[in-house]
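Trainee: Need a 3D model of the following:
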Amino acid sequence: MPPAITRPAVRDDRDRRVHDAVHSLLAEQGMRLSMDAVAARAGCSKQTLYARYGNKQNLLKRVMREHFELTTAPLDRDDGDIRECLVAFAEQHLDQLNRPDVVQTCRLIDAESHQFPDEARQIYHDGVARLQHRLAQWLQQAIDRGQLRHDDPHFMAELLLAMIVGLDFERQRFHTPHRTAAQARRAWAEFSADSFLRAFAPGALAPAASPNSNRKRSFSR
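Mentor: Model prediction:
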């Protein structure tokens, strides 16, 4: 007789089916996806979906949180080897961005953001802005340990994310071959991490600020 399935296992399986449904529907329909479509794709009732997630916004937040946790997992396993941690983070970030469903979802959201500005801003806040903030926290810890020079960690995080992504979004947007192979992503992850570490090595001189620049935090966090 097979062992009884516990409630957590059932719950995890249902969440997995729902999250998989959201990923595939976002790639097919963008922000037009509905709770009806998610329920049908996941094989559950709409009532169950609303009871568990509340509404579409909360469901999307849960899915974005899962994506965020996968991407930032290397930062949570920090063992003091800053280079290896950064390379692992960069590689994981590139792996997530190169998933076919993520590529297609980004294209659709980019095309539809003017029609759904509130939803687009929320996705940005729950995804990109949250990722920048988490990375800035990790960089601040490295600064405090003396592994990086003192500078603004949010600026550093934004620069590092831009270095990791490179031109991949532009290549994807124009259907041009990009780093789809794991070996190519690993090589770029190492190059971007090493370049960042050289730029912010302890004792490295920070570039002089322009007289017209105001580094008193003109960015949004």
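
Trainee: Quick one: list the elements packing against the helix or strand of the chain with the lowest mean pLDDT.
Mentor: Least confident helix or strand, the chain: helix 7-29 with a mean of 79, by mean pLDDT, DSSP states H and E. For helix 7-29, the packing partners by 3 or more Cβ pairs under 8 Å, 6 or more residues apart in numbering; DSSP states H and E come out as helix 35-42, helix 46-53, helix 56-76, helix 100-112. For the C-beta atoms, the positions are set from N, CA and C on the backbone; glycine is no exception.

Trainee: Give me the contacts around the longest one.
Mentor: It refers to helix 56-76. 18-19, 22-23, 33-35, 38, 49, 53, 85, 88-89, 92-93, 96, 119, 122-123, 126-127, 130-131, 134-135, 138 (Cβ atoms under 8 Å, 6 or more residues apart in numbering).

Trainee: same thing but at 7 Å, please
Mentor: Identification of contacts with helix 56-76 by Cβ atoms under 7 Å, 6 or more residues apart in numbering yields 19, 22, 35, 53, 85, 88-89, 92-93, 96, 122-123, 126-127, 130-131, 134, 138.

Trainee: Can I get the buried part of these as one ChimeraX selection?
Mentor: Per 16 or more other Cβ atoms under 10 Å, the buried members of the contacts of helix 56-76 correspond to this ChimeraX selection:
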select :19,22,53,85,88,89,92,93,122,123,126,127,130,131,134,138
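
Trainee: can you tell me which of the contacts of helix 56-76 are in helices?
Mentor: The helices, defined by DSSP state H, take in 19, 22, 35, 53, 85, 88-89, 92-93, 96, 122-123, 130-131, 134, 138 from the contacts of helix 56-76.

Trainee: circling back: pull out the buried positions in the least confident helix or strand of the chain.
Mentor: Buried-residue list, helix 7-29, by 16+ other Cβ under 10 Å: 14-15, 18-19, 21-27.

Trainee: Just flag the most distant two among the residues you listed.
Mentor: Greatest spatial distance in those: 14 and 27, 20.9 Å, computed using Cβ to Cβ.

Trainee: pretty sure residue 103 is touching residue 172, no?
Mentor: Yes - Residue 103 lies in contact with residue 172 (Cβ atoms under 7 Å); the separation is 5.1 Å.

Trainee: what sits against the residue nearest to residue 20 when sequence neighbours are not counted?
Mentor: Setting aside the residues directly before and after it, residue 20 is nearest to residue 42 in space (Cβ to Cβ, 6 or more residues apart in numbering), at 7.4 Å. Neighbour list for residue 42: 17-18, 21 [criterion: Cβ under 7 Å, 6+ apart].

Trainee: Cheers, nothing more for now.
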